[in-house]
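# 3D model of this:
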Amino acid sequence: MSGSNRTGGPLRGITLKVASVCCFVVMATMLKATETIPAGEMVFFRSFFALLPVLAWLAWKGHLAHAFSTARPLGHVLRGLIGVASMSLGFFALTRLPLPEATAIGYASPLIIVILSAVLLRERVYIFRWTTVLVGLVGVVIILWPRLTIFSDAAQPVDGSTIGALAALSAAFLSAFAMLQVRTLVQTERTEAIVTYFFISASILSLLTLPFGWVWPTPEQAALLIGAGFFGGIGQLLLTSCYRYADMSVIAPFEYVSLLLTIVIGFVIFADIPTVPMLIGSTIIVGAGIAVILRERWLGLERTRAKEANTP
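A predicted model of the protein is given here:
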């Protein structure tokens with residue numbers, strides 16, 4: 001990325017990243033507040049109304065034609081299928097778990113991506129990254145363990161939080177698969193097309209859940225669902241824009257601002273009190289994630305220095 005594309009420096013990129021995180025947290029909060037709405041219905045509102053600000057932005061930038069240009073329509077459909085399944089499980093988890101807990105379990109997705117990249121894509125993963133992945137997964141287990149009564153006490157009935165925890169973990173797995181599919185799409189597709197076709201396919205595919213019990217939302221619920229879609233779309237635009245101004249290694253750690261926000265919002269709005277296992281597990285996951293980011297940044301700087309040293 002050229003320096004001309006980074007006018008304003010990394011501070012602007014960090015600001016946009018934090019703004020995108022705030023939008024996604026607001027989106028999740030709105031969806032959790034409509035917890036009597038089925039997950040498939042949530043996916044529709046989140047996807048369809050996210051499409052509107054995205055298309056408006058692309059039209060304003062003169063890139064609307066790029067949004068519908070694709071050489072791999074089936075690839076977008078596959079990405080949509082995986083994404084809808086992941087969102088459905090994630091939104092279901094929001095209705096069964098405290099907001100910060102559902103958020104923290106979602107942080108397992110980048111760890112799973114490393115594992116899938118090594119197993120499915122045959123990418124070379126060195127010992128440091130494997131170690132941080134294992135440490136991060138220990139954090140996930142610490143968060144999940146109190147919820148998994150299905151394994152710890154067979155005589156105790158499975159409650160909603162147990163199912164929610166399993167749904168959140170399944171959503172993280174599917175999200176990792178979706179990101180691998182995006183990796184293949186970016187080889188031939190523009191970012192505008194990937195984002196647009198995902199929201200279109202997710203809107204259409206989520207309609208397949210209509211026979212499974214959609215409900216007519218109250219005016220308050222409808223406003224929250226539509227608002228969640230808009231905030232999701234705006235958050236996506238901010239997320240895409242932030243990487244124009246700074247490297248991913250600079251911006252990525254600010255993803256974890258969402259954990260602090262969800263802890264505060266969960267306590268203030270939903271009276272969710274963070275548990276000790278959630279706080280310990282989240283700290284471990286965040287620490288492992290930041291360690292990987294800093295390591296990759298250091299390796300990138302070393303490669304840059306080596307190139308400069310070898311340049312005649």
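# please count neighbours and contacts with C-alpha atoms only from this point.
Fine.
# in the stretch 151-300 of the chain, mark out all the helices, start to finish.
Using DSSP state H, counting those that start in this stretch, the helices of the stretch 151-300 of the chain run over 160-185, 191-206, 219-242, 248-251, 257-270, 276-310.
# how about the ones you listed in JSON lines, adding distance to Gly83?
Shown next, in JSON lines, are the helices of the stretch 151-300 of the chain (distance: least, CA to CA, whole Å):
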{"stretch": "helix 160-185", "distance to Gly83": "6"}
{"stretch": "helix 191-206", "distance to Gly83": "7"}
{"stretch": "helix 219-242", "distance to Gly83": "14"}
{"stretch": "helix 248-251", "distance to Gly83": "23"}
{"stretch": "helix 257-270", "distance to Gly83": "21"}
{"stretch": "helix 276-310", "distance to Gly83": "23"}
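# of these, which is nearest Val141?
helix 276-310 (7.5 Å; CA to CA).
# average pLDDT for the closest one?
Averaging pLDDT along helix 276-310 gives 73.
# same deal with stretch 232-250?
Mean predicted lDDT for stretch 232-250 stands at 84.
# pLDDT below threshold where in the stretch 51-200 of the chain?
By pLDDT under 70, the weakly predicted segments of the stretch 51-200 of the chain are 149-159.
# so where do the strands sit in it?
In the stretch 51-200 of the chain, no strands are defined using DSSP state E, counting those that start in this stretch.
# so can I have TSV of the helices of the stretch 151-300 of the chain showing mean neighbour count?
Converted to TSV, the helices of the stretch 151-300 of the chain look like this (neighbours: other CA atoms under 10 Å):
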stretch	mean neighbour count
helix 160-185	21
helix 191-206	21
helix 219-242	21
helix 248-251	18
helix 257-270	17
helix 276-310	16
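# Leu64 is nearest to which of those helices?
Nearest to Leu64, of the helices of the stretch 151-300 of the chain and by CA to CA, is helix 191-206 at 8.1 Å.
# who touches that closest one?
If you take CA atoms under 8 Å, 6 or more residues apart in numbering as the criterion, helix 191-206 is touched by 40-41, 43-45, 47-48, 50-51, 54-55, 58, 63, 66-70, 76-77, 79-81, 83-84, 182, 185-186.
# in PyMOL, select just the buried ones from those residues.
Buried residues among the contacts of helix 191-206 (16 or more other CA atoms under 10 Å), as a PyMOL selection:
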select buried, resi 40+41+43+44+45+47+48+50+51+54+55+58+66+67+70+76+77+79+80+81+83+84+182+185
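# give me the subset of the contacts of helix 191-206 lying in helices.
40-41, 43-45, 47-48, 50-51, 54-55, 58, 66-67, 76-77, 79-81, 83-84, 182, 185 (DSSP state H).
# now do the contacts for the residue nearest to Cys22 when sequence neighbours are not counted.
Once flanking residues are discounted, Cys22 sits nearest to Ser258: 7.0 Å by CA to CA, 6 or more residues apart in numbering. Residues near Ser258 by CA under 8 Å, 6+ apart: 21-22, 25, 103.
# what's the closest of the helices of the stretch 151-300 of the chain to Leu120?
helix 160-185 (9.4 Å).
# ok so, going back, what would the contacts of Ser258 look like in CSV with neighbour count?
Listed next are these as CSV, based on neighbours: other CA under 10 Å:
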residue, neighbour count
Val21, 24
Cys22, 19
Val25, 25
Thr103, 23
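# make JSON lines out of the residues you listed and add distance to Gly213 and secondary structure.
Listed next are these as JSON lines, based on distance: CA to CA, whole Å; DSSP: H, G, I helix; E, B strand; the rest coil:
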{"residue": "Val21", "distance to Gly213": "31", "secondary structure": "helix"}
{"residue": "Cys22", "distance to Gly213": "31", "secondary structure": "helix"}
{"residue": "Val25", "distance to Gly213": "27", "secondary structure": "helix"}
{"residue": "Thr103", "distance to Gly213": "26", "secondary structure": "helix"}
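# out of the residues you listed, who's nearest Tyr245?
Nearest member of the contacts of Ser258 to Tyr245, counting by CA to CA, is Val21, at 16.4 Å.
# from Ile251, how far out is that closest one?
Between Val21 and Ile251 the computed distance is 11 Å (CA to CA, to the nearest Å).
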